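>>> just need the structure, nothing else, for what follows:
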Amino acid sequence: MDGMIKRYSEETFESIKHINEFGQEYWLARELQRVLEYSDYRNFELTIFKAMEACKTAGAEIEDHFGEVTEMVEIGSGAHRELKSYELSRYACYLIVMNGDPRKEVIAVGQTYFAVKTRQQELIDQYDQLSEDQKRLAIRREMAEHNKSLADAAKNAGVVEQRDYAIFQNMGYKGLYGGLGVQEIHARKGLKKSQKILDYMGSTELAANLFRATQTDEKLRRENIQGKEKANQTHFEVGQKVRQTIKELGGTMPEDLPTPDKSVKQIEREQRKLSEDRKNLLCNSANNMED
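Next comes the predicted model:
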């Protein structure tokens with residue numbers, strides 16, 4: 001399933017995304033129609049109408065998400081014609097795939113893709129209004145993505161074996177936590193063996209670790225650092241710098257920050273349930289309008 005999502009989302013949905021002069025992203029309806037495997041635009045437009053009704057029911061302005069435009073479409077033999085279309089926001093695309101044919105594999109992938117992207121943008125736009133749990137979830141997801149990039153940068157520097165990468169990661173923690181490594185942090189938080197320390201950090205602690213990871217990643221690549229020992233030292237020094245910055249700003253050292261009672265995994269489960277409830281509400285609203 002993961003491979004399927006990656007193939008469709010990155011190579012298909014992203015490839016037809018447009019950016020306007022204001023830096024806002026949008027999708028064109030007829031391009032989305034082809035991606036979602038609707039052979040007849042008239043049938044696809046019925047799905048757009050359902051999405052518009054769902055948008056209205058949710059209290060959003062239809063015009064903010066579904067803008068009528070003309071789209072240049074190839075009609076054969078190199079000829080083109082201007083046809084009616086829509087300029088769709090990410091939210092509009094989300095509503096369209098939620099009201100699409102669930103039997104299509106690409107629809108299921110589109111639902112996941114646009115739901116995730118819409119939620120990510122909501123978190124960015126509303127960060128100051130987020131609860132502590134929502135902030136933790138947003139930063140933890142960012143941390144997961146940046147750790148992939150950091151692992152790649154470390155590999156390019158010569159940290160190849162899994163054991164070596166564990167040492168590399170431990171050095172970063174030691175720099176940030178005043179000499180405490182993963183095991184010491186784990187014990188200090190009173191976690192079970194199977195529990196990950198990143199899942200039991202508050203938003204402030206997660207943010208410090210995210211900064212450590214991103215800055216180490218950039219430094220390894222920018223300075224083309226080579227060799228396991230140099231990579232380890234780099235990670236340690238960046239961790240130290242982040243710790244020093246926290247100290248200079250009068251902040252609490254990461255090892256002294258409180259450990260949340262609820263794990264990020266638990267928050268994710270709660271968020272999935274809320275998302276599922278919202279999805280069912282939107283679908284039911286659209287079905288009721290159709291009836």
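>>> any weak-confidence spans in the stretch 51-200 of the chain?
Along the stretch 51-200 of the chain, the model assigns pLDDT under 70 to residues 75-78, 112, 115-129.
>>> now with 90, please.
Segments of the stretch 51-200 of the chain classed as low confidence (criterion: pLDDT under 90) are 54-60, 70-83, 90-91, 94, 97-146, 149, 193.
>>> now do the helices in it.
Applying DSSP state H, counting those that start in this stretch to the stretch 51-200 of the chain gives helices spanning 90-98, 105-125, 132-157, 162-176, 182-188.
>>> reformat those as TSV; add distance to R272 and mean neighbour count.
Every residue, glycine included, has its C-beta placed from N, CA and C. Shown next, in TSV, are those (distance: least, Cβ to Cβ, whole Å; neighbours: other Cβ atoms under 10 Å):
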stretch	distance to R272	mean neighbour count
helix 90-98	15	25
helix 105-125	10	17
helix 132-157	11	18
helix 162-176	28	19
helix 182-188	26	15
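>>> of all these, which lies closest to V69?
With distances scored as Cβ to Cβ, the stretch of those nearest to V69 is helix 90-98 (12.6 Å).
>>> quick check, I16 in a strand?
No - I16 is assigned coil when assessed by DSSP: H, G, I helix; E, B strand; the rest coil, not a strand.
>>> the nearest residue to it once chain neighbours are set aside: how many residues sit nearby?
The shortest distance from I16 to any non-neighbouring residue, by Cβ to Cβ, 6 or more residues apart in numbering, is to E31 (4.5 Å). By other Cβ atoms under 10 Å, 17 other residues sit near E31.
>>> per-residue pLDDT, E31?
Looking at E31, its pLDDT stands at 92.
>>> assign it to one of the three secondary structure states.
Applying three-state DSSP: E31 is helix.
>>> isn't it up against K17?
No - between E31 and K17 there is no contact under Cβ atoms under 8 Å: 9.4 Å.
>>> run the chain-centre distance for stretch 166-180.
In terms of Cα atoms, centre = their mean, to the nearest Å, the centre of stretch 166-180 is found 26 Å from the chain centre.
>>> which ones are touching the nearest residue to I139 once chain neighbours are set aside?
Nearest residue to I139 in three dimensions, chain neighbours excluded: L206, at 4.2 Å (Cβ to Cβ, 6+ apart). Counting by Cβ atoms under 8 Å, 6 or more residues apart in numbering, L206 touches 136, 139-140, 143, 198.
>>> 10 Å instead?
L206 makes contacts with 135-140, 142-143, 198-199, 254, 257, 264, as judged by Cβ atoms under 10 Å, 6 or more residues apart in numbering.
>>> what's the closest of the residues you listed to Q226?
Closest approach between these and Q226, by Cβ to Cβ: M143, at 25.7 Å.
>>> how about that closest one, nearest residue that isn't a chain neighbour?
Using Cβ to Cβ, 6+ apart, the nearest residue to M143 is L210, at 5.2 Å.
>>> the one you found contacts K135, doesn't it?
No - with contact defined as Cβ atoms under 10 Å, L210 does not count as touching K135 (11.5 Å).
>>> overlap in contacts of these two?
Shared contacts of L210 and K135, defined by Cβ under 10 Å, 6+ apart, comprise S203.
>>> to V238, which of the helices of the stretch 51-200 of the chain lies closest?
helix 162-176 (6.6 Å).
>>> so what does that closest one touch, helix or strand wise?
Counting by 3 or more Cβ pairs under 10 Å, 6 or more residues apart in numbering; DSSP states H and E, the packing neighbours recorded for helix 162-176 are helix 132-157, helix 182-188, helix 203-222, helix 228-248.
>>> what angle do the last one and helix 162-176 make?
An angle of 30 degrees separates the directions of helix 228-248 and helix 162-176 when computed by axes from the mean of the first three to the mean of the last three Cα atoms, to 10 degrees.
>>> tell me which residues of helix 228-248 come out buried.
For helix 228-248, a neighbour-count test (16 or more other Cβ atoms under 10 Å) marks 228, 231-232, 234-236, 238-243, 246 as buried.
>>> follow-up on the earlier one: want to throw the helices and strands packed on helix 162-176 into a markdown table with distance to Y38?
Compiled in a markdown table, the helices and strands packed on helix 162-176 are given as follows (distance: least, Cβ to Cβ, whole Å):
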| stretch | distance to Y38 |
| --- | --- |
| helix 132-157 | 32 |
| helix 182-188 | 50 |
| helix 203-222 | 40 |
| helix 228-248 | 49 |
